[in-house]
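Trainee: A structural model of the following input is requested.
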Amino acid sequence: MPTISIISGLVAGIVRALFGWAKSEETFDVKKFIRTLIIFGITGGIIGIYVTDPLLVFAMSFIGVPIEDFLNGIYKGMKAG
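Mentor: Next comes the predicted model:
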């Protein structure tokens, strides 16, 4: 299991949550922050299972590559080959 890639996805979630809060003019909301961490931690973890480059996992998680599109591409690749 590529642990470093999964951790990279989680770190991207933390950074994205902090950027989202800094960009908004709201007061810090712990519930929103935790929700963002959970969502991007899970997606980063899923991406980290299939992509071994931690920088690519970070970029995909931070930018917010739709996980459905990513998994659909993996499925089609496995089905074709």
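Trainee: use CA for all of it now, contacts and neighbours both
Mentor: OK.
Trainee: hey, where'd the helices end up in this protein?
Mentor: Applying DSSP state H to the chain gives helices spanning 3-23, 30-50, 54-63, 67-80.
Trainee: Those: lowest mean pLDDT?
Mentor: In terms of mean pLDDT, the lowest-scoring of the helices of the chain is helix 67-80 (a mean of 71).
Trainee: could you dump the helices of the chain to CSV with mean neighbour count?
Mentor: Converted to CSV, these look like this (neighbours: other CA atoms under 10 Å):
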stretch, mean neighbour count
helix 3-23, 19
helix 30-50, 19
helix 54-63, 20
helix 67-80, 11
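Trainee: Tell me who's in contact with Asp29.
Mentor: Listed by CA atoms under 8 Å, 6 or more residues apart in numbering, the contact set of Asp29 is empty.
Trainee: Next one: it from Gly20, what distance?
Mentor: 11 Å (CA to CA, to the nearest Å).
Trainee: what do you get for Ile74?
Mentor: Ile74 sits 29 Å away from Gly20, going by CA to CA.
Trainee: Export stretch 7-15 to PDB, keeping only CA atoms.
Mentor: Extracted C-alpha coordinates of stretch 7-15, given in PDB (Å, rounded to 0.1, in the frame of the first residue of the first chain):
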ATOM      1  CA  ILE A   7      -0.700  10.900   3.200                       C
ATOM      2  CA  SER A   8      -0.100  13.200   0.300                       C
ATOM      3  CA  GLY A   9      -3.800  13.200  -0.500                       C
ATOM      4  CA  LEU A  10      -4.600  14.000   3.100                       C
ATOM      5  CA  VAL A  11      -2.100  16.900   3.200                       C
ATOM      6  CA  ALA A  12      -3.700  18.200   0.000                       C
ATOM      7  CA  GLY A  13      -7.100  18.100   1.800                       C
ATOM      8  CA  ILE A  14      -5.700  20.100   4.700                       C
ATOM      9  CA  VAL A  15      -4.100  22.700   2.400                       C
END
